[in-house]
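S.K.: Turn this into a model:
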Amino acid sequence: MGVHTSRSTAPGERGFALIGTLLLLLIVSSATTALWVSGQTEAAMAINHETSAQAKAAAEAGANHAVDLTLDFLRRWRANGFATPAAAITSLLLGPDTQSGTVATDADNGSLEGWGIPRPPARLALPGAAGATYEARLFDEDDPLRGLTLGAVDQLRIAENGQPAVDANNRVLIQAIGHTADGTHTSVEVTLVPIQGPTIVSNGDLTVQGNASVLGGTNGNVHSNGALEVGGSADIEGNATASGGYSESGNPDIGGSTSGSALPLPIIDIHAADYRYLADLVLTSGGVITDLIGGVICDASADAGACEAAGYTWRYNGAAGWSANALGANADNRTFYAETDLTITSNIGTNGNPWDLTLIAEGNIDISGNGTFEADTPGLLFVTDQDLKIMGGMEQVGADAQNLVREQVRLGGNVSLLGELIIESAAHVSNLVTASVIGATGTPSITNSGTLVGTSFSVGSWREL
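M.R.: Okay, the predicted model is just below:
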């Protein structure tokens, strides 16, 4: 017969088991809670990172939008009708109403609403980011509303004048703020500054050859957004760069660096009509010289030499445009706008008595002979909707000036220019010049002393506030 043995659990032992079970449950519960809290924290951090990134992306989008609009306007300051880059910046600081001094007139100061960015606090939506928006506004560097008040010493250091709506140093600030739906926001501040453009810049292929010289030390740069070919004994004191390939032959002297894969440089659209407002006299396609508002100065429509005989230098050649071969008594110190081609064929002007002129032509400008010219409109010598061809021994004296060419350029002989040559390389309308060549013959030169201020602008600084 078997013996059955039983053991009863003492009350104390049962209590310890219960406590152990409760402690285990507490540990599991705490771990579960910690994991839940951690998950919530990670989710919140992810949301914060996402909204912060959206706000930053919106601010940068707003800054880029405003930069593109402002740079396009400033690079065309003369074509937009301003006497100086600072005057163009001041117009932006004043806003669409061009006024300042009262609460009402100051409300639009620095606004780009005329170009598609609404006046703050109104905003634009950032595409692809639900609820993300941006605003942008322009400020002068010494405007305390930008969030920084400059003292007199700092204003002197940056050449500002203490007038927030009047620019003095050819620089402007853009502040852009990016917003998200939950109220997160980020600010970006960009400074736009004037830069020295290359001595020669072309939007298409360019050749510098023979005994051509591009002078001015570090200002003597050449750039092509197409291909650049440098050959012969050409002398380029600065850099020789291109965006579409660089080639070299012969024994050119390049003082700076060379590259065939440089970033393209912005080149403005060139239209003679944009500069018509600068003219003193208009040479019409019908053979009449008028003032800017159409008042008749001289009529050569029936007698080709009538205006030349009257001392206005120019002879009317019908479909061939106007030509000059002797300086008339009424021709000095003029800016001429021509609705046709212009041709200069003789030795007009001397070093002691240069022909003060600026030529703006809807057709070609074709110059030969050994004339001496000085820019009548400060900083501007030639503008043409078609080709510029200068051969012979033409010499420019006085201050540096720009030459703006919509199609192509050919320089040869002993031509000597001062300043900058900008070639848009637009599609051929004229066949006077079929490819842009500097140094077609002789020893042409162009010297850039670096005194042309604000011929181009670029981003000087970019920072997150």
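S.K.: going forward, measure contacts between C-alpha atoms and count neighbours the same way
M.R.: Will do.
S.K.: thinking H185 is in contact with A176, fair?
M.R.: No. The criterion here is Cα atoms under 8 Å, and H185 misses it with A176 at 10.3 Å.
S.K.: Show me which of these two is the more surrounded one.
M.R.: Neighbours were tallied for H185 and for A176 using other Cα atoms under 10 Å; the higher tally belongs to A176 (28 against 21).
S.K.: Now that one. Its backbone dihedrals?
M.R.: Main-chain dihedrals, A176, degrees, to the nearest 10: phi -120, psi 140.
S.K.: That one contacts L124, correct?
M.R.: No. Between A176 and L124 there is no contact under Cα under 8 Å: 11.2 Å.
S.K.: CA atoms only: put stretch 56-68 into CSV for me.
M.R.: What follows is stretch 56-68, C-alpha atoms only, in CSV (Å, rounded to 0.1, in the frame of the first residue of the first chain):
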residue,chain,number,x,y,z
LYS,A,56,14.4,76.0,-44.6
ALA,A,57,13.5,74.8,-48.1
ALA,A,58,10.7,77.4,-48.3
ALA,A,59,13.1,80.2,-47.2
GLU,A,60,15.8,79.2,-49.7
ALA,A,61,13.1,79.0,-52.4
GLY,A,62,12.0,82.5,-51.6
ALA,A,63,15.6,83.8,-51.5
ASN,A,64,16.3,82.1,-54.9
HIS,A,65,13.1,83.6,-56.4
ALA,A,66,13.9,87.1,-55.2
VAL,A,67,17.6,86.8,-56.2
ASP,A,68,16.7,85.8,-59.8
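S.K.: Between A176 and L124, which contacts overlap?
M.R.: Y134, E135 (Cα atoms under 8 Å, 6 or more residues apart in numbering).
S.K.: need the longest strand for the protein.
M.R.: Ranked by number of residues, the top strand in the chain under DSSP state E is strand 185-195.
S.K.: What strands line up against it, and which way round?
M.R.: With DSSP bridges as the test, strand 185-195 is paired with strand 172-179 (antiparallel), strand 456-464 (antiparallel).
S.K.: so which of the ones you listed comes closest to W314?
M.R.: strand 456-464 (33.8 Å; Cα to Cα).
S.K.: what does the closest one rub up against?
M.R.: With Cα under 8 Å, 6+ apart as the test, strand 456-464 has contacts from 71, 74-75, 186-197.
S.K.: among those residues, which two are most distant?
M.R.: Across the contacts of strand 456-464, the longest distance by Cα to Cα is 33.5 Å; it joins T186 and G197.
S.K.: higher neighbour count, these two?
M.R.: Neighbours were counted for T186 and for G197 using other Cα under 10 Å; G197 has more, 25 against 21.
S.K.: quick one: the more buried one and T455 touch, right?
M.R.: Yes. With contact defined as Cα under 8 Å, G197 reaches T455; the gap is 6.5 Å.
S.K.: Lowest-confidence entry in the contacts of strand 456-464?
M.R.: In terms of pLDDT, the lowest of these is Q196, showing 86.
S.K.: quick check, distance from stretch 167-184 to the centre of its chain.
M.R.: Between the centre of stretch 167-184 and the centre of its chain there are 19 Å (Cα atoms, centre = their mean, to the nearest Å).
S.K.: Report how far apart the opening and closing residues of it are.
M.R.: Between the opening and closing residues of stretch 167-184 there is a gap of 33 Å (Cα to Cα, to the nearest Å).
S.K.: What residues sit buried inside it?
M.R.: Residues of stretch 167-184 classed as buried: 167-180, 184 (neighbour count, 16 or more other Cα atoms under 10 Å).
S.K.: List the neighbouring strands of the following helix or strand past the longest strand of the chain plus their orientation.
M.R.: Heading C-terminal from strand 185-195, the first helix or strand you meet, by DSSP states H and E, is strand 200-202. Sheet pairing for strand 200-202, assigned by DSSP bridges, gives strand 222-224 (parallel), strand 416-423 (parallel).
S.K.: Contacts for the first one next, please.
M.R.: Contact with strand 222-224 is made by 198-206, 214, 236, 238-244, 264, as judged by Cα under 8 Å, 6+ apart.
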